[in-house]
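[1] fold the stuff below for me.
(2 chains)
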Amino acid sequence: MDDKTSIVRKIVAGDKRAFRLLVDEYQRLVNHIAFRMVSNPGDREDICQDIFMRVYQNLAGFRHDSRLSTWIARIAYNCCIDYLNKNNIPFIDEEFDETISNMPGGSITPEQQLYKSDISNLLQKEIGLLPVKFRAIITLYHLDEMSYAEIGDIMSMPEGTVKNYLFRARRLLRDRLMLKYGEEELRQ
Amino acid sequence: MRHLTDDEIQGYLDNHPDSDREKIRAHLDICGQCRSNLENYQIIAGQLNTDHIPALSPGFTDAVLSAIKPDTQDVPVEEPSRLIAWMSAAAVFILGIASTIYFTGSSVAKNIIALFSPANITEPSFVSRYKEYISGIDLDLTLVFAVALVLAVIALIDRMIKRRHKPVSFMI
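    Presented below is the predicted three-dimensional model:
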């Protein structure tokens, strides 16, 4: 029996210390998803808490047919989608216009000038302008090192769609940064 | 010379199994434009791989734990005591018999006994001895009632205590 199976069994049996370990281990993953999908900072921690409540409630039904992290990420993703639905925040951006000039913030504002030497800050800001699903995929792939297949499992979409969204998201980010920095400055 | 497509460059970046890495690498060796494209993506990927997301508050785990209803999982779920269950059943049975005898007179009890002891059936010797022994006992109905009531009260209190401490299933 591996560690994950053992910890799940302990939690289901009522071991709160085991649940504490689980929360400590997976709060980074859950926070990543909530941070990228929920723009209101005041709601994020509550949503993360709600996600772990759902994990706790449903853990007995975990069948070990996927990684525990994938299962928890799926709950986190669905929880955030519920939040967006409840608050009438659109998250289906199939018609998202990827023309750079049509994206918000096409020209450099004085505020952005301050960040000009800080690519990472600007990149974070640009990620925030992407459609919700693009943001979630970028985070799961780059920060949580999940495969296309795992992300597809989490977000209930085909692997090919995950790949397509990821490529489009990175292309948009590249184009946005290139527009603001130029190739030479980007590499400094 | 055909340049690499964006999908080919990103597939190469991700080490995607579908990408023909040898062919792409060979092209990158001779094409500055595609190499430059790849380097731009590598810069962005490097940034995306860095965690800039602010962590949750230090008390987050405690907050989650405290949101779980207290003692929901810590109190072992106990089955009602078998002894108490038997005592309850005994109390009900004794109360029933005692009430019947008290309110209808002992003749009913005698008739019931007679029903199961027809005269044409020869009683085994141990039954006769048992009957003699029972008839020698001066049954005090008040005592029977008292015992039955005490048992019933104990069973009732036990039920109430169990119900109060019964864990409530966790609901969201």
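[2] the domain parsing of chain A - what is it?
    A:3-86, A:100-186 (automatic domain parsing).
[3] now the ones you listed as a markdown table including mean pLDDT?
    What follows is those, written out as a markdown table (pLDDT from 0 to 100):
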| stretch | mean pLDDT |
| --- | --- |
| domain A:3-86 | 94 |
| domain A:100-186 | 81 |
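[4] how close does residue A:23 get to residue A:10?
    Taking Cβ to Cβ, to the nearest Å as the measure, residue A:23 falls 13 Å from residue A:10. C-betas here are computed from N, CA, C, even on glycine.
[5] more neighbours, those two?
    A direct count of neighbours by other Cβ atoms under 10 Å in any protein chain shown for residue A:23 and residue A:10 places residue A:23 higher, at 22 against 16.
[6] secondary structure class for the one residue in chain A that gets nearest to chain B?
    Taking Cβ to the nearest Cβ, chain B has its nearest neighbour within chain A at residue A:14, 3.3 Å off. In three-state terms, and counting by DSSP: H, G, I helix; E, B strand; the rest coil, residue A:14 is coil.
[7] gap between the closest residue to residue A:127 other than its chain neighbours and residue A:24?
    Counting by Cβ to Cβ, 6 or more residues apart in numbering or on different chains, residue A:127 lies nearest to residue A:135, which is 5.8 Å off, once chain neighbours are set aside. Applying Cβ to Cβ, the value for residue A:135 to residue A:24 is 25 Å.
[8] ok, so what distance separates residue B:154 from chain A?
    30 Å (Cβ to the nearest Cβ, to the nearest Å).
[9] same question, residue B:129
    56 Å.
[10] quick one: is the top helix by length along chain A near chain B?
    Ranked by number of residues, the top helix in chain A under DSSP state H is helix A:159-186. Yes. Applying Cβ under 8 Å from any Cβ of the partner chain, one finds helix A:159-186 in contact with chain B at A:163, A:166, A:167, A:170, A:171, A:173, A:174, A:177, A:178, A:183, A:186.
[11] tell me which two of those sit farthest apart.
    A:163 and A:183 (25.6 Å; Cβ to Cβ).
[12] which of these two has more neighbours?
    Between residue A:163 and residue A:183, residue A:163 has the larger neighbour count (other Cβ under 10 Å), namely 21 against 12.
[13] and the pLDDT for residue A:97?
    The model reports residue A:97 with a pLDDT of 59.
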